[in-house]
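1. no letters, just coordinates:
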């Protein structure tokens, strides 16, 4: 059997990558059974097989400061593991590295952790130790010049590790109690109301089209004349846009007024919302 054929067979039987299989075969002097044992001892075969499972639980790690703020989603298979001490220690260090690399996952995986091993190497070791699939999910860094970021965490597991995270960027570098309170309340509003865009005209057209199709199906068998059905459809889609755009949503702290009204009432020159991010495990 050629060297390439041995690597292919080893990859098939263990699920390990080409590089790891090649190294194991060299270490075992070409003996397949010994190479399998080497991969198992290192935890590589065990970890790789688990990567075919579904990881729908996990945590979101928040990091950075008000000028540069990042989050990264780290998924696992069960909520039990999401609260495991080794898992939490790993993700907390990952959070800081993610912020350093501005949410560049490829750069993150190659970066070196405190134990002098790369993130990828530590990930494989943790999967082998815990016995569950662990993956990196969504990540984002907000860093806008002359702006401040405000954050909110919900279902906090420990420190900067939680199940839901909001980051919202305001284009101001002023520090006042009024702005601080608005930033805090706005991030809480976003967590509760889950807007999908800043303004109605910024909602992705694909989302609008999907909603219009749903509305059309609802009205198809209503028996209403086409002209009336079109008016109802227009009213429903406008309401959908209003309820799902941050600026036109009812303010959670006082549903009688809109977010745009609260922002305008602050009378702070050029204050506006740059962007926001909301992420929740399972959504």
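-> Structure's in. What do you need? Since this is a predicted model, take the numbers as computed values, not measurements.

2. list the buried residues in stretch 146-166.
-> Using 16 or more other CB atoms under 10 Å as the test for burial, stretch 146-166 gives 147-153, 157, 160-166. Backbone N, C-alpha and C define where each C-beta goes, glycine included.

3. which one of the residues you listed is nearest residue 84?
-> The shortest approach to residue 84 among those belongs to residue 157, at 10.2 Å (CB to CB).

4. for that closest one, helix, strand, or coil?
-> Recorded secondary structure, residue 157: strand (DSSP: H, G, I helix; E, B strand; the rest coil).

5. surely it is in contact with residue 80?
-> No. Proximity of residue 157 to residue 80 does not meet the contact threshold set by CB atoms under 8 Å, at 11.9 Å.

6. quick revisit: return the subset of the buried residues of stretch 146-166 lying in strands.
-> 148-153, 157, 161-166 (DSSP state E).

7. dump those residues to JSON lines, plus distance to residue 117 and pLDDT.
-> Converted to JSON lines, those look like this (distance: CB to CB, whole Å; pLDDT from 0 to 100):
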{"residue": "148", "distance to residue 117": "36", "pLDDT": "97"}
{"residue": "149", "distance to residue 117": "31", "pLDDT": "98"}
{"residue": "150", "distance to residue 117": "35", "pLDDT": "98"}
{"residue": "151", "distance to residue 117": "30", "pLDDT": "98"}
{"residue": "152", "distance to residue 117": "33", "pLDDT": "98"}
{"residue": "153", "distance to residue 117": "29", "pLDDT": "98"}
{"residue": "157", "distance to residue 117": "24", "pLDDT": "96"}
{"residue": "161", "distance to residue 117": "21", "pLDDT": "97"}
{"residue": "162", "distance to residue 117": "26", "pLDDT": "97"}
{"residue": "163", "distance to residue 117": "28", "pLDDT": "97"}
{"residue": "164", "distance to residue 117": "30", "pLDDT": "97"}
{"residue": "165", "distance to residue 117": "27", "pLDDT": "98"}
{"residue": "166", "distance to residue 117": "33", "pLDDT": "98"}
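
8. need the strands for the stretch 1-150 of the chain, in chain order.
-> Using DSSP state E, counting those that start in this stretch, the strands of the stretch 1-150 of the chain run over 57-64, 69-76, 135-142, 148-158.

9. show me how far the first one is from its chain's centre.
-> Taking the mean of its C-alpha atoms, strand 57-64 sits 8 Å from the chain's own mean (CA atoms, centre = their mean, to the nearest Å).

10. can you confirm residue 234 is in a strand?
-> No. Counting by three-state DSSP, residue 234 is not found in a strand; it is helix.

11. confidence score at it?
-> pLDDT, residue 234: 91.

12. also residue 115?
-> Listed pLDDT for residue 115 reads 96.

13. equivalent analysis for residue 34, please.
-> pLDDT recorded at residue 34 is 82.

14. from residue 99, how far off is it?
-> Distance of residue 34 to residue 99, computed by CB to CB, to the nearest Å: 42 Å.

15. so for these two, which residue has more residues nearby?
-> When neighbours are counted by other CB atoms under 10 Å, residue 34 and residue 99 differ, and residue 99 comes out ahead with 23 against 14.

16. pretty sure that one contacts residue 61?
-> No. Counting by CB under 8 Å, residue 99 sits too far from residue 61 to count as a contact (9.3 Å).

17. what's opposite residue 170 in the beta bridge?
-> Using DSSP bridges, the beta-bridge partners of residue 170 come out as residue 148, residue 273.

18. got a list of what it touches?
-> Contact analysis of residue 170 by CB atoms under 8 Å, 6 or more residues apart in numbering lists 147-150, 179, 182-183, 186, 271-274.

19. of all pairs in the buried residues of stretch 146-166, which one is the farthest apart?
-> Spatial extent of these (CB to CB) is set by the pair 147 and 157 at 28.5 Å.

20. could you pull out the strands for the stretch 151-283 of the chain?
-> Counting by DSSP E, counting those that start in this stretch, the stretch 151-283 of the chain has strands at residues 161-170, 250-251, 254-258, 273-280.

21. and the pLDDT for the residue nearest to residue 211 when sequence neighbours are not counted?
-> The spatially closest residue to residue 211, leaving aside those adjacent along the chain, is residue 240, at 5.3 Å (CB to CB, 6 or more residues apart in numbering). Listed pLDDT for residue 240 reads 93.

22. what do you get for the one 4 residues further on?
-> According to the predicted model, the pLDDT of residue 244 comes to 96.
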